[in-house]
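Engineer: 3D model of this:
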Amino acid sequence: MINYASRKTRWAGTLLLSAMFAFTAACGNNGAGGNNTTGSPSNQPANASGSEATNQASNAPTSSDDKGSLTVYLNDFDSMIGPLFEEKTGYKLEVVVGNGAEIMSRVEAEKGNPHWDVLWIDAMPSVYGLGKSGQLLEDWTPDNAANLTEFGKSFLTEKQWYVPTGAHAAGVIVYNTNNIKAETAPKSWDDFDNAEYKGMIGMADPAIAAPAYPFVARFFQDKQMEPAKAFFTALMDNGMKVYPKNPNVVKALTAGEISIAALQESNAYAMKNSGEPIEIVWPAEGAPASVRVAAIQKDTQKLEAAKAFVEFLLDPATQQALIDEGDESYFQPSVNGVNAKTDRAADAKLVAADASWASENEAAIKQWFADQSVK
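Structural biologist: Predicted coordinates for the structure are as follows:
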């Protein structure tokens with residue numbers, strides 16, 4: 001956890017973690033294959049949510065048989081997506097799961113010899129960057145692309161590098177009702193620099209948590225670079241704390257370490273449903289969206305299966321199952337014929353940074369956040 005009140009703890013640890021992971025992945029290339037196992041990109045025995053993996057994954061499959069197992073790198077839904085896909089299509093699925101930074105570091109480390117067939121992650125700007133660098137299949141339209149809502153279609157690219165499979169709030173306003181009264185709780189993001197909330201606010205790290213970069217990117221594009229820096233500087237000066245991932249923010253809220261947070265919506269609703277004393281506020285100006293997209297590796301030897309997986313994700317029945325049974329089930333579906341969670345706010349408004357802009361400025365924005373910790 002980084003306490004921006006003191007700004008003495010460095011974000012450099014985040015960058016070092018990513019670099020170490022990239023080195024490990026480049027040297028070992030473990031965790032991308034095997035037989036229906038779930039492994040983490042760092043080849044540790046625990047996945048991104050902390051549960052034990054059934055087996056450590058072995059090296060990526062090299063068979064050109066399109067009926068072999070399809071390797072998908074993802075950061076959510078790892079426990080349920082394989083059985084659903086196999087039941088629907090007959091294809092075996094091999095998943096490699098990790099947080100956003102781990103997955104993207106592994107993809108970068110494997111650039112010359114990718115072990116993945118499909119990338120499915122809520123990090124649209126980063127995936128857009130893979131398309132620009134020539135790593136993704138392009139100019140392919142899924143047979144069921146007509147299922148997409150107008151909201152879903154708004155995220156398609158000219159080169160068709162990926163398809164959106166849903167979007168969720170990378171951050172809604174959450175406050176602890178034991179410490180904050182409804183009448184004094186923040187109602188908008190601009191309220192976060194209120195001196196009354198000094199040292200009380202927390203958020204996830206844009207360099208580690210997949211949804212956290214789309215969260216800050218929206219502010220940087222909407223406000224423009226220098227005003228956005230001023231905005232976040234004010235929050236830091238007001239004692240904002242930054243935690244590695246959203247579950248860490250949840251723990252801090254539960255423990256009373258913070259009383260207000262910009263929190264991913266699935267975590268927020270999970271807290272509320274478990275009886276935690278919190279309330280959720282959807283700002284009228286909108287909650288920055290994290291868009292989950294699926295992209296196919298351009299040189300995959302499993303093209304038939306990869307296309308089948310993407311079309312499977314655009315099936316209303318699949319997205320309904322993810323909402324009904326998934327661990328990140330609070331999201332706005334990208335296809336018609338799907339019902340969101342009944343307790344999800346009816347007035348939920350999502351706003352997203354343009355993928356091209358967010359991709360182009362990703363390194364600079366993340367570096368700016370890292371630099372603030374040493375001041």
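Engineer: just to be sure, P283 is in a strand?
Structural biologist: No - read with DSSP: H, G, I helix; E, B strand; the rest coil, P283 is coil and lies in no strand.
Engineer: that one reaches S188, doesn't it?
Structural biologist: Yes - using CB atoms under 8 Å, P283 is in contact with S188, at 4.8 Å. Glycine gets a C-beta too; all of them are placed from N, C-alpha and C.
Engineer: who's more crowded, these two?
Structural biologist: P283 (19 against 11; other CB atoms under 10 Å).
Engineer: by contact count, what packs against the longest strand anywhere in the chain?
Structural biologist: Looking across the chain with DSSP state E, the single longest strand is strand 287-296. Under the contact definition 3 or more CB pairs under 8 Å, 6 or more residues apart in numbering; DSSP states H and E, strand 287-296 sits against strand 118-121, helix 124-132, strand 163-169, helix 212-223, helix 303-313, strand 350-351.
Engineer: make a markdown table out of the ones you listed and add distance to V97, mean neighbour count and mean pLDDT.
Structural biologist: Shown next, in a markdown table, are the helices and strands packed on strand 287-296 (distance: least, CB to CB, whole Å; neighbours: other CB atoms under 10 Å; pLDDT from 0 to 100):
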| stretch | distance to V97 | mean neighbour count | mean pLDDT |
| --- | --- | --- | --- |
| strand 118-121 | 10 | 26 | 98 |
| helix 124-132 | 16 | 23 | 97 |
| strand 163-169 | 16 | 27 | 97 |
| helix 212-223 | 18 | 24 | 96 |
| helix 303-313 | 15 | 21 | 98 |
| strand 350-351 | 25 | 17 | 97 |
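Engineer: got JSON lines for those, with distance to F85 too?
Structural biologist: Formatted as JSON lines, the helices and strands packed on strand 287-296 follow (distance: least, CB to CB, whole Å):
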{"stretch": "strand 118-121", "distance to F85": "10"}
{"stretch": "helix 124-132", "distance to F85": "20"}
{"stretch": "strand 163-169", "distance to F85": "13"}
{"stretch": "helix 212-223", "distance to F85": "26"}
{"stretch": "helix 303-313", "distance to F85": "6"}
{"stretch": "strand 350-351", "distance to F85": "27"}
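Engineer: of all the ones you listed, which lies closest to D76?
Structural biologist: strand 118-121 (8.2 Å; CB to CB).
Engineer: can you give the contact residues for the closest one?
Structural biologist: 70-75, 100, 103-104, 107, 127, 130, 165, 210, 292-297, 300, 306, 309-310, 313 (CB atoms under 8 Å, 6 or more residues apart in numbering).
Engineer: can you report phi and psi for the residue lying farthest from the centre of the chain?
Structural biologist: Distance from the C-alpha centroid of the chain, by CA atoms, centre = their mean, peaks at E183 (31.8 Å). Backbone dihedrals for E183, given as degrees, to the nearest 10, come out at phi -70, psi -20.
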